[in-house]
Each structure stands twice: as structure tokens, then as C-alpha cells.
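Visitor: The following block contains a protein sequence and its predicted model.
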2 protein chains.
Amino acid sequence: MGAGDLARKPNGLPGTLDASGKRPRTERGRKTLRKLLDAATVEFGERGFHEASISGITRRAGVALGSFYTYFDSKDAIFRALVADMSDSVKHAAREAIAGDLSALEVERAALKGFLDFAAKHKEIYRIIDEAEFVDPASYQSHYETTAERILDRLKEGAAKGQFRADPQEVHAWALMGMNVFLGLRFAIWGRDGDLPSDEIAAAANSLLANGISVSK
Amino acid sequence: MGAGDLARKPNGLPGTLDASGKRPRTERGRKTLRKLLDAATVEFGERGFHEASISGITRRAGVALGSFYTYFDSKDAIFRALVADMSDSVKHAAREAIAGDLSALEVERAALKGFLDFAAKHKEIYRIIDEAEFVDPASYQSHYETTAERILDRLKEGAAKGQFRADPQEVHAWALMGMNVFLGLRFAIWGRDGDLPSDEIAAAANSLLANGISVSK
């Protein structure tokens, strides 16, 4: 099962965690689960999947080893849940950034700025999602497929409002997603002194998206 | 040393292979080296870096184990050389595609079509370059840095010819690279029945690059 099949809750926790359906029923359980996922972010982010260990995760979380197995069957299971959780966090970071009454173009600009700021604060997200290509290919593909679907929905909405060109296609959504992912890689993950701030990066990319690069129309 | 530091030869073989400078001096040596790199493509592409073995590579290449050590010190060394070799192949695939008298925009369209066709024929390229993020991060970063520099040079050339907007920035080059990489991922690697052919994908992306998505200018 790909991570995209998991139901999500608005607090950024996957609604169900794996095929075995181990889902916390109490507030305390939800907190423990959150601690485990946050600790897993650091453990997988620093050590990579193969070097990471369940005991490393529980130690960082300050949680007993037995508690881990209340929620997850294996290192694979928590990795899969973490990719779903991160995919969800990216979605919410974009959603929060685009609140308010914005034009279709402003929505894309705000979503990119929100993503750049989120990635700069959570640099491990690239390493973990990228490692899913090898550890859990279904989650990897699902992350990008669902992100592209969301972008395509936004483009269609912009077209319905008469602000974007008619009939946006999957090609456009994947092109825009690729722009955003690589701008995040270059400026949020591999950022250097002297780089533009995130709002100016988003503005430059937004101008390209709006009007293209050609002089003559 | 990052793979980007390696001198390259126009035939797609790295001019020097690693810090130890093991470089073939004869035509026969060059053929053996090519066989080893081609076999490594299959071995790493199918099994991933950790499962792949030197003996798996020499077996696929039909080359004696001793010959391997004539050219490479280790599995790491041939992986690093392979990433440099693939990065070089991507460059040449784009260069070959943009031969002739093309406008700056046509150059970008032809380069994308060339890349999509190349990736469809060499699907392992994504897996191997992506795995470099974990196995050899310097090669991974170098591959994208040098690709973005090439794209930026093309954009500046288009601007100098008065065909692209003045003053293209690094942001634009990374945005365009991201578009191309993700269109390759979706359509060359994860292609499905009913997808557009590569020339139509390149045309749709090129129209977005040319004029953007906005209705009102």
C-alpha cells in the first residue's frame, strides 16, 4: 500500500498508520506517536534508513521500546508512516501559506514561498522523501502523484476564474512541481550566503510562471 | 573530490577516473573501461548500490576481476565514475538534440525532447543519480550544479540574442532544470499508456516556458 492511500487528519498525523491499523485512541497516545515520528525524522535524517535503528528512535523520543511496537511493526513501517506524515506536512505548509483572498498567480507564489520556508526549517525532508525512492518506492511515487494532483487542481481553478490559460494539463502541474522542488533543493537545502531571500526567489519564479521567458509574444 | 572535478572526453568517458588517475592508454583499455561502466549501470540500476557487487559488475561485463582493479580501487570509485559518466551522457544527449540553427526557445524544446528520449531509453539514470545523494553527495550536487550552469548559459545566450528576457538568473535555470527533471520522472520513467509522446510534452512545457500561464499580460 502506498502512503497516499492513508487517510490523513488535519493535525498532520496520518489517520491510520499502517496496514495493521495501529492508531492511537487517546490524547496521550497521539502525543507518543508524534514524539516517535519527530524522533524518526531526526534519526532517519541524520543516519539514513539503513543505519537508523528503532532503539535510536525510541531513545531520541524518550519513549520505551515497547511503546514503539504499540504503533509500528518495524523500521519499515515507521519510515512509511513518516513519508506520509511529511507529505502531509508539505501539503499543510502550502495550504497555510495560501490563506486569504489571492489571485491564482498569488496563490502559486505564496505556496512556493511557504514551501521554501518550510524546507529551510525542515531540511531533512528532502533526504527522507528522496530515500523513499529506494526504501519504499510506492510512497515516493505517491508523494509526487498526489502533490501534482493538488497543483493541477489549483491550475484548473485559476483557469476557471479566467486568470490562467484554459485547459491546464498534467504536464503543466509536473513542470510547476519540478520548478518548486528544485528551487527548494538549491535555495532551502543547499542555500549559500548571498542567496536571495525566499520571497524574492518565489517572486522571480512566479514571474516566469506568469509570463514566461520570451520577449516577443 | 566531486565527480564534477573530473575532466571529460567528448566520447562520454571521464578523462580521468579517480584520484589515483587510472586511465586507459590503449583502445583495448578504453573498451574494457566502457564495458565495466555499462555493466555497472545495469548492476547498480537493478540492485542498488548496497546490494551491487564488484564481482556482479565484472561478470556482467565479461571481464576478469583483476581488470576491474586496473581501473577502479573500489565499488565506491566505479559508482563515482559512473555518476560522472551519466552526467556527461545527459549533457551530450541534450547537445546532440540541439544541433542546427534553432531559436533560443527551440533550443530548450529540443533539449527537453532529447532528454526525455534519452531517459526513456536509459531509465536507470534516475535511480543511479538519485542514489548518489546518499552514496556520493558531492557527485549528486555537482551533477545538478553543472547542469544548471549549462542551462543558465543557454538562457543568457538567448537573452543576448534578444529572444529571452534580459538578465536570466540562477533561479530561472534551476526552475527550468526542475521542470525538465520532473517531466522526465513522470513521462520517461513512470510513463503510462495514453501519455503524450515526448515531442508533445516538450511542446507543452516549451509553451509554458515561452509565455507563462497567465491570460492577461
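Guide: Now that the structure is in, tell me what you want to look at. Remember, it's a predicted structure, so these values are computed and weren't measured experimentally. Numbers count the residues shown, from 1 in each chain, chains lettered A, B, ... in the order given.

Visitor: Which stretches in chain A count as helices?
Guide: A:27-51, A:54-61, A:65-71, A:75-97, A:104-121, A:124-135, A:137-160, A:170-183, A:198-211 (DSSP state H).

Visitor: Just the buried positions in the third one, please.
Guide: Put plainly, it is helix A:65-71. A:S67, A:F68, A:Y71 (16 or more other CB atoms under 10 Å in any protein chain shown). C-beta: built from backbone N, CA, C; applies to glycine.

Visitor: And the helices of chain A: which comes nearest B:R192?
Guide: helix A:170-183 (10.2 Å; CB to CB).

Visitor: Summarise which helices and strands that closest one is packed against.
Guide: Here helix A:170-183 touches helix A:104-121, helix A:137-160, helix A:198-211, helix B:170-183, helix B:198-211, going by 3 or more CB pairs under 8 Å, 6 or more residues apart in numbering or on different chains; DSSP states H and E.

Visitor: now what about it, what contacts it?
Guide: Helix A:170-183 is contacted by residues A:108, A:111-112, A:115-116, A:144, A:147-149, A:151-152, A:155, A:201, A:205, A:208-209, B:144, B:171, B:174-183, B:185-187, B:196, B:201, B:204-205, B:208, B:213 when judged by CB atoms under 8 Å, 6 or more residues apart in numbering or on different chains.

Visitor: rewinding a little: relative to chain B, which of the buried residues of helix A:65-71 is nearest.
Guide: If you rank the buried residues of helix A:65-71 by distance to chain B using CB to the nearest CB, A:F68 comes first, at 24.5 Å.

Visitor: Please name the residues that touch the closest residue in space to the closest one that isn't next to it in sequence.
Guide: Excluding its sequence neighbours, the residue lying closest to A:F68 (CB to CB, 6 or more residues apart in numbering or on different chains) is A:T58, at 5.2 Å. Going by CB under 8 Å, 6+ apart, A:T58 touches A:L36, A:A39, A:A64, A:L65, A:S67, A:F68.

Visitor: Model confidence at A:T58, what's the number?
Guide: On pLDDT, A:T58 comes in at 98.

Visitor: Could you point out which residue ranges in chain A have low pLDDT?
Guide: Applying pLDDT under 70 to chain A flags residues A:1-21, A:216-217.

Visitor: ok, 50 please
Guide: For chain A, the stretches flagged by pLDDT under 50 are A:1-16, A:18-21, A:217.

Visitor: Mean neighbour count, the helices of chain A: which tops it?
Guide: helix A:170-183 (a mean of 25; mean count of other CB atoms under 10 Å in any protein chain shown).

Visitor: what would the helices of chain A look like in TSV with distance to B:R25?
Guide: Listed next are the helices of chain A as TSV, based on distance: least, CB to CB, whole Å:
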stretch	distance to B:R25
helix A:27-51	39
helix A:54-61	49
helix A:65-71	57
helix A:75-97	47
helix A:104-121	47
helix A:124-135	37
helix A:137-160	42
helix A:170-183	40
helix A:198-211	48
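
Visitor: Ok, which of these comes nearest B:K31?
Guide: So among the helices of chain A, helix A:124-135 is nearest, using CB to CB, at 31.7 Å.

Visitor: ok now that closest one, how far from the chain's centre?
Guide: Distance of helix A:124-135 from its chain centroid, counting by CA atoms, centre = their mean, to the nearest Å, is 11 Å.

Visitor: does it come close to chain B?
Guide: Yes: for helix A:124-135 and chain B, the contact criterion (CB under 8 Å from any CB of the partner chain) is met by A:R127, A:D130, A:E131, A:E133, A:F134.

Visitor: What is that helix packed up against?
Guide: The contact analysis (3+ CB pairs under 8 Å, 6+ apart) places helix A:124-135 against helix A:27-51, helix A:75-97, helix A:104-121, helix A:137-160, helix B:124-135.
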